[in-house]
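Student: structure, please.
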Amino acid sequence: MPNPEPSSLRLKSNGICPSFRLLRLLVVAALPPALLPAVEPAEPPALVVAISLDQFRQDYLERFRPYFVQGGFNLFLEHGAVFANCHYRHSYTKTGPGHGVLLSGVHANVHGIIANDWLDRTTLARIYCCDDLAEQVVGLAPRTGPQRPGDRATAARSPRSYLATTVGDTLKLARGGQPKVIGLSNKDRAAILMAGHFADAAYYTEGDRFVTSTYYMRALPTWVEAFNAAKKPDTYFGKTWDRLLPVEAYSIQGPDDSPNEFTGLGLSPTFPKLINGGEKTPGPAFYEALIHTPFASEILADFARAAIDGEKLGQRGVTDLLTISFSANDLVGHDTGPDSHEVMDMVLRTDRILADFFRFLDQRVGLQRCLIVLSADHGSVSTPERLRALRPDFPAGRLDDALVRRTCEAALDRAFGPLAAATERWIAVDSAWLHLNPDTLVRKGVAATAAENVVRDALLTLDFIEAAYTRTQLLAHDVSTDLGRRALLSFHAGRSGDVFYQTKPYWIDFIYGTNHGSPYSYDTHVPLLWYGVGVPVGVRTERVGVDDLAPTLSRLLRLPAPPQGEGRALF
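Tutor: Take a look at the predicted model:
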């Protein structure tokens with residue numbers, strides 16, 4: 001396979017004797033973080049590419065590295081800066097909060113994206129993190145036939161709920177608005193939150209199309225219309241997803257068939273998998289099934305190539321920023337868990353997709369003129385079924401939200417008397433947050449602080465709950481443990497609920513496959529990989545935060561760090 005490195009880098013690398021290269025790496029590894037020297041570039045990068053792999057654990061880079069090709073992940077591992085001990089510092093490790101950190105350097109306590117969606121504190125109505133009733137979707141095909149329940153394709157999106165400033169925002173401000181900043185993803189929230197407020201565009205998928213919002217533009221550019229008109233997703237209809245390598249290579253993952261894997265949308269729990277959504281022709285179920293496969297990442301990478309050509313990114317005499325979040329890794333991970341054959345194959349195919357994309361970057365822009373950073377929004381945990389297959393009495397399981405509700409409401413009934421109406425509720429359960437019903441508190445004459453304490457104490461009687469915190473505690477920063485400090489970073493006074501809980505390790509709130517959202521290392525430990533202009537080569541093992549990405553990128557670009565940033569520059 002051709003090497004995607006520019007020829008200048010290959011010659012320079014080949015001209016250094018192995019002993020000198022080893023000495024250089026040892027010296028770099030010995031330096032404290034503040035002194036890790038950036039390579040002083042002759043000129044700024046033409047193109048910055050910030051990549052997020054949704055639900056991607058750091059240990060995948062180690063576990064599957066023997067099967068990586070030249071120029072994918074190895075571009076970073078062999079020719080870049082590798083921070084092998086990078087973690088999220090917040091507690092609630094979900095997609096929205098994670099993507100909110102990546103290019104802002106702040107957590108949900110500042111950026112406000114406390115979850116993918118949350119309950120309004122007053123009305124208890126559900127709010128999606130990027131919904132915006134003031135805007136409209138741009139690029140949807142005409143709708144025909146009845147919409148399926150829960151179809152949100154016609155909802156408008158924007159970053160207005162996002163309360164932080166990104167590197168892209170400061171790049172625009174510092175360069176007179178000349179740089180182009182474009183975000184791409186299968187998920188709208190990933191594209192929007194990484195791109196920021198001043199982005200030229202954030203594109204995401206709805207069915208078989210890439211769309212955007214009137215927040216950015218009134219009509220799709222010609223190159224996007226042309227990409228959609230080609231109907232590339234339809235070329236995958238009826239295609240089979242099978243293992244990339246011989247089945248023996250996947251034995252490190254255990255058996256292919258694991259209990260409680262996702263089997264909806266016509267997807268088989270084992271390889272090979274026919275991708276048609278159970279439909280006879282391409283339709284909504286097929287397009288949804290497609291996102292559960294690496295084929296969706298191939299299409300997204302093709303769209304990224306089209307964006308670079310269509311917008312001439314990195315070819316205009318100014319530094320442009322392209323953000324890309326690959327969402328299919330997350331869907332595959334949810335479906336099957338991190339120890340599955342599917343996740344291993346997804347990682348290997350992602351490696352090859354990246355290698356192809358980096359070759360394209362070298363052809364269009366020149367890798368020596370690019371700055372690339374790669375991370376993830378969260379990791380994931382092994383499925384309870386896989387853990388208990390190794391040891392039947394291992395403490396792992398799936399949360400029962402109904403049990404959480406019954407336990408807390410029974411405690412409130414005992415403390416303040418039962419509710420008169422059968423339809424009345426003390427609380428609304430919103431994943432790890434519990435909201436007290438303000439109307440119920442008023443009718444019962446109960447102070448919120450008193451009810452909070454009752455709920456917290458009730459939660460702590462459940463054997464799968466590790467810690468719980470009241471709103472009053474979090475407002476006062478009344479925490480003394482690492483878990484409590486992590487909870488503070490996930491707490492936003494204007495949006496968070498009344499009681500927050502953290503489960504014990506290996507407990508998840510998903511009915512199949514796996515999930516994420518805990519403060520434990522399997523959810524927090526993600527890659528932080530750098531390559532390109534100004535980046536020193538070496539592997540670092542000290543613990544760093546994902547919130548260090550934005551200030552480091554800012555320093556490399558000679559920009560002010562995002563103004564609310566909490567992290568440090570690593571170079």
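
Student: and this structure, what are its domains?
Tutor: What automatic domain parsing lists as the domains of the chain is 47-142+152-384+524-556, 399-507.

Student: distance to residue 517 and mean neighbour count for those - can I get that in TSV?
Tutor: To be clear about C-beta, it is placed using only N, CA and C from the backbone, and glycine gets the same treatment. Listed next are the domains of the chain as TSV, based on distance: least, CB to CB, whole Å; neighbours: other CB atoms under 10 Å:
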stretch	distance to residue 517	mean neighbour count
domain 47-142+152-384+524-556	5	21
domain 399-507	7	17
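
Student: JSON lines for the ones you listed, including distance to residue 38?
Tutor: Listed next are the domains of the chain as JSON lines, based on distance: least, CB to CB, whole Å:
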{"stretch": "domain 47-142+152-384+524-556", "distance to residue 38": "5"}
{"stretch": "domain 399-507", "distance to residue 38": "28"}
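
Student: got a markdown table for the ones you listed, with mean pLDDT too?
Tutor: Formatted as a markdown table, the domains of the chain follow (pLDDT from 0 to 100):
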| stretch | mean pLDDT |
| --- | --- |
| domain 47-142+152-384+524-556 | 97 |
| domain 399-507 | 96 |
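
Student: just so I know, which of those domains lies nearest residue 563?
Tutor: domain 47-142+152-384+524-556 (5.7 Å; CB to CB).

Student: separation between the nearest residue to residue 104 once chain neighbours are set aside and residue 285?
Tutor: Leaving aside its sequence neighbours, residue 104 sits nearest to residue 164 (CB to CB, 6 or more residues apart in numbering; 3.9 Å). Distance of residue 164 to residue 285, given as CB to CB, to the nearest Å: 36 Å.

Student: now do the end-to-end distance for stretch 70-84.
Tutor: End-to-end distance for stretch 70-84, by CA to CA, to the nearest Å: 20 Å.

Student: from residue 232, how far out is the residue nearest to residue 104?
Tutor: Distance from residue 164 to residue 232, by CB to CB: 34 Å.

Student: kindly provide the distance from the most centrally placed residue in the chain to residue 355.
Tutor: In the chain, the residue lying closest to the centroid (CA atoms, centre = their mean) is residue 377, at 3.0 Å. Noted for residue 377: a distance of 22 Å to residue 355, by CB to CB.

Student: repeat for residue 478
Tutor: Taking CB to CB, one finds residue 478 at 50 Å from residue 355.

Student: and residue 190, by the same measure?
Tutor: From residue 190 over to residue 355 (counting by CB to CB), the distance is 22 Å.

Student: how about residue 450?
Tutor: 59 Å.

Student: what sits against the nearest residue to residue 283 once chain neighbours are set aside?
Tutor: Sequence neighbours aside, residue 277 is the residue nearest to residue 283 in space, at 6.8 Å (criterion: CB to CB, 6+ apart). By CB atoms under 8 Å, 6 or more residues apart in numbering, the contact list for residue 277 reads 265-266, 283-290.

Student: again with residue 322
Tutor: Contacts of residue 322 (CB under 8 Å, 6+ apart): 47-50, 182-184, 304, 307-308, 313.

Student: and with 10 Å instead?
Tutor: 47-51, 168, 180-184, 194-195, 304, 307-308, 311, 313-314, 361, 370, 372 (CB atoms under 10 Å, 6 or more residues apart in numbering).

Student: separation between the residue nearest to residue 470 when sequence neighbours are not counted and residue 401?
Tutor: Once flanking residues are discounted, residue 470 sits nearest to residue 452: 3.8 Å by CB to CB, 6+ apart. Computed as CB to CB, the residue 452 to residue 401 distance reads 19 Å.

Student: likewise residue 323?
Tutor: In terms of CB to CB, residue 323 sits 34 Å off from residue 401.

Student: with residue 363 instead?
Tutor: In terms of CB to CB, residue 363 sits 51 Å off from residue 401.

Student: and what of residue 370?
Tutor: From residue 370 to residue 401 the distance is 46 Å (CB to CB).

Student: do residue 467 as well
Tutor: 18 Å.

Student: same question, residue 245
Tutor: From residue 245 over to residue 401 (counting by CB to CB), the distance is 39 Å.

Student: kindly report the same for residue 197.
Tutor: In terms of CB to CB, residue 197 sits 35 Å off from residue 401.

Student: swap in residue 508?
Tutor: 12 Å.

Student: which one's the longest helix in this structure?
Tutor: Secondary structure of the chain per DSSP state H: the longest helix is helix 341-364.

Student: and the closest residue to residue 535 other than its chain neighbours, bridged to which residues?
Tutor: Using CB to CB, 6+ apart and skipping residues adjacent in sequence, the residue nearest residue 535 is residue 81, 5.2 Å away. Going by DSSP bridges, residue 81 is paired in beta bridges with residue 530, residue 538.

Student: surely residue 479 is in contact with residue 485?
Tutor: Yes: counting by CB atoms under 10 Å, residue 485 is a contact partner of residue 479 at 6.0 Å.

Student: overlap in contacts of those two?
Tutor: Common neighbours of residue 479 and residue 485 (CB under 10 Å, 6+ apart) do not exist.

Student: quick one: residue 398 and residue 260 touch, right?
Tutor: Yes: the criterion here is CB under 10 Å, and residue 398 meets it with residue 260 at 8.5 Å.

Student: give me the common contacts of these two.
Tutor: Shared contacts of residue 398 and residue 260, defined by CB under 10 Å, 6+ apart, comprise 383-385, 510-512.

Student: nearest to residue 502 among those residues?
Tutor: residue 510 (16.2 Å).

Student: next, count neighbours for that closest one.
Tutor: 19 (other CB atoms under 10 Å).

Student: mind checking the SS state of it?
Tutor: Recorded secondary structure, residue 510: coil (DSSP: H, G, I helix; E, B strand; the rest coil).

Student: where does it land on pLDDT?
Tutor: We have a pLDDT of 89 for residue 510.

Student: pretty sure it sits against residue 261.
Tutor: No: applying CB under 10 Å, one finds residue 510 not in contact with residue 261, separated by 11.6 Å.

Student: mutual contacts of the two, please.
Tutor: Joint contacts of residue 510 and residue 261 (CB under 10 Å, 6+ apart) are 334, 337, 383.

Student: okay, and which of those residues map to helices?
Tutor: Those of those lying in helices (DSSP H): residue 334.

Student: just put the shared contacts of residue 510 and residue 261 in CSV and tack on distance to residue 520.
Tutor: Output for the shared contacts of residue 510 and residue 261, formatted as CSV (distance: CB to CB, whole Å):
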residue, distance to residue 520
334, 17
337, 15
383, 15
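
Student: among the shared contacts of residue 510 and residue 261, which one lies nearest to residue 250?
Tutor: Among those, residue 337 lies closest to residue 250 (CB to CB), at 13.7 Å.

Student: which parts of stretch 383-391 are buried?
Tutor: Along stretch 383-391, these residues count as buried under the neighbour rule (16 or more other CB atoms under 10 Å): 383-389.

Student: which ones among those residues map onto helices?
Tutor: Short answer: the buried residues of stretch 383-391 in helices (DSSP H) are 384-389.

Student: returning to that earlier point: what's downstream of the longest helix of the chain, the next helix or strand?
Tutor: Once the chain leaves helix 341-364, the next helix or strand it forms, by DSSP states H and E, is strand 370-375.

Student: within its sheet, name the partner strands of that next one and how each one runs.
Tutor: Checking strand 370-375 against DSSP bridges gives partners strand 47-53 (parallel), strand 529-532 (antiparallel).

Student: I'd like to know which of those strands is closest to residue 75.
Tutor: With CB to CB as the measure, strand 529-532 is the member of the strands paired with strand 370-375 nearest residue 75 (5.6 Å).
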